[in-house]
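Asker: Predicted coordinates and the sequence they were generated for:
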Amino acid sequence: MKNIKPYPTEEEQPPIKTLNEVDFSATYSYADYMRFEFEERLEIIKGCIFKMSPAPSRIHQGILANIFVPIYNILKGKPCHVYCAPFDVRLAKKSVDDKEVFTVVQPDIAVICDQSKLDKRGCIGAPDIVVEILSPGNNKKELVNKYEVYEESGVKEYWIVSPSEKTFFRYILDDKGKFQPTKLLTEGEEVTTTIIPGFKLVLEEVFKD
Amino acid sequence: MKNIKPYPTEEEQPPIKTLNEVDFSATYSYADYMRFEFEERLEIIKGYLFKMSPAPSRIHQKISGRISNPLYNALNGKKCEVYTAPFDVRLAKKTQDDKEVFTVVQPDIVVVCDQTKLDRRGCIGAPDIVVEILSPGNNKKELINKYEVYEEAGVKEYWIVSPSEKTFFRYILDDKGKFQPTKLLTEGEVVTTTIIPGFKLMLDEVFQD
């Protein structure tokens, strides 16, 4: 019986070689995502495909570094880890089986304190902190779609940074599992968080040109 | 005794003819503000002078129109009135005497429901709604200084709009007189307010290119 080839199983789905083969109206899982062989970066939120900016702007990347570096420095030797995009975060609802994971996002920055959520492919489960840096134009994905999945999955703090207007906004998950908005901050103000004791983000330095 | 000229009183302070005569480290009142005869627009917040942008950008003005027009339409024939900058709002702490008024601001849009607050020169006392449209760059004045005086004065809703990132943010005054932040909104979402029953601001239309 050894040489009889069985019928192809679900595990043997063919690779998806170009973006043209992707059906933006269909539902995709992380298992499908793993079959993508094209260059373009996509995110999956509740099964729906979202395009990512191919190359974020210089300002975007500058602010990313200004937030990432102070977090990285303070977390050295601590149990929490910080990662920046491209880094896959899978948010599972029922099981962590690839075919059952319908949200795969690449936050600009993620802080993860639970080591068991980290695997070779990225993070499975909610990071403690997610940072998204907005781009000019359409921010629906960050403010509507990701807001929902980050809250539902239990991200403790969701930081949203606007480079053009130099504002810093943060949702904090309350004990009922709901995001609570906080004051809109700007240059001259500082951000601290209970997740990283002793950490201080000086917004003057985040936004300096 | 009729022809003897008395010593000049405080009421007879000389006009301030150019911006160079203004001392940015000194404390100014609304009485001083009335002596300014130069073209440049200044605001006074807790006695301190703040420069205003001489000409807001086209996008700034476009967004201003797209918020003030629906407000104007909704308020037609109602007791609340809507005004757009330049329009002086004086926020008094103790008395309404010009010399005792140390905050004079020109919000982008205000809604005033208490007619007794309106006089020939503008509004004295807190408007019900204040809208500020941010500009690229430094927004400390709007997010720190004005936030404080609007909360202290009892502005019921403070709307903050970011044209570049297309976000709409709102503080609502709670029953303890403190501003409570709310969800960061964007295109596709709709703003309603208890101050103007039936009013609906479609953010898709506000931010449309």
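Answerer: That came through fine. Numbers count the residues shown, from 1 in each chain, chains lettered A, B, ... in the order given.

Asker: The single nearest residue of chain A relative to chain B: what's it in contact with?
Answerer: Chain B sits closest to A:Ser164 of chain A, with a gap of 3.4 Å, by Cβ to the nearest Cβ. (Each C-beta comes from the backbone N, C-alpha and C, glycine too.) Taking Cβ atoms under 8 Å, 6 or more residues apart in numbering or on different chains, we find A:Ser164 in contact with A:136, B:136, B:162, B:164-165.

Asker: how about low-confidence regions in chain A?
Answerer: Within chain A, the stretches with pLDDT under 70 are A:1-11.

Asker: if we can go back for a sec, now, among the contacts of A:Ser164, which is nearest to B:Val105?
Answerer: Of all the contacts of A:Ser164, the one with the least separation from B:Val105 (Cβ to Cβ) is B:Ser162, at 19.1 Å.

Asker: Verify the stated contact: the closest one with A:Pro163.
Answerer: No: at 10.6 Å, B:Ser162 does not count as touching A:Pro163 under the criterion of Cβ atoms under 8 Å.

Asker: Count the neighbours of the residue found closest to A:Cys48 once you drop the neighbours it is linked to in the chain for me.
Answerer: Leaving aside its sequence neighbours, A:Cys48 sits nearest to A:Thr27 (Cβ to Cβ, 6 or more residues apart in numbering or on different chains; 7.3 Å). Neighbour count for A:Thr27, taken as other Cβ atoms under 10 Å in any protein chain shown: 12.

Asker: my guess is A:Thr27 contacts A:Val101, does it?
Answerer: No: counting by Cβ under 8 Å, A:Thr27 sits too far from A:Val101 to count as a contact (12.0 Å).

Asker: Centre of the chain to the longest helix anywhere in chain A, how far?
Answerer: The residue-count maximum for a helix in chain A (DSSP state H) belongs to helix A:58-75. Centroid displacement of helix A:58-75 relative to its chain, using Cα atoms, centre = their mean, to the nearest Å, is 15 Å.

Asker: Could you pull out the buried residues of it?
Answerer: A:60, A:62-64, A:66-68, A:70-72, A:74-75 (16 or more other Cβ atoms under 10 Å in any protein chain shown).

Asker: from what I can see A:Ile124 touches A:Ser95, true?
Answerer: No: using Cβ under 8 Å as the test, A:Ile124 is too far from A:Ser95 to be in contact (10.7 Å).

Asker: Of the contacts of A:Ser164, which is the most crowded?
Answerer: B:Ser162 (28 neighbours).

Asker: check contacts around that one.
Answerer: A:162, A:164-165, A:167, B:134, B:168-169.

Asker: again with A:Pro127
Answerer: Contacts of A:Pro127 (Cβ under 8 Å, 6+ apart): A:89, A:107, A:110-112, A:117, A:155.

Asker: which two from those residues end up farthest apart in space?
Answerer: Farthest pair in the contacts of A:Pro127, by Cβ to Cβ: A:Pro107 and A:Lys117, 13.6 Å.

Asker: higher neighbour count, these two?
Answerer: Neighbours per residue (other Cβ under 10 Å) separate A:Pro107 from A:Lys117, with A:Pro107 holding more: 26 against 19.

Asker: For chain A, which residues are neighbours of chain B?
Answerer: Within reach of chain B by Cβ under 8 Å from any Cβ of the partner chain, chain A has these residues: A:134-140, A:143-144, A:147, A:160, A:162-167, A:169, A:179, A:181-189.

Asker: okay, now the residue nearest to A:Tyr30 when sequence neighbours are not counted: neighbour count?
Answerer: In space, and not counting its chain neighbours, A:Tyr30 is closest to A:Val101: 3.8 Å by Cβ to Cβ, 6+ apart. Around A:Val101 there are 22 other residues, counting by other Cβ under 10 Å.

Asker: Distance check, A:Val101 against A:Lys156.
Answerer: 21 Å (Cβ to Cβ, to the nearest Å).

Asker: Please apply the same query to A:Val22.
Answerer: When distance is defined by Cβ to Cβ, A:Val22 is 33 Å away from A:Lys156.
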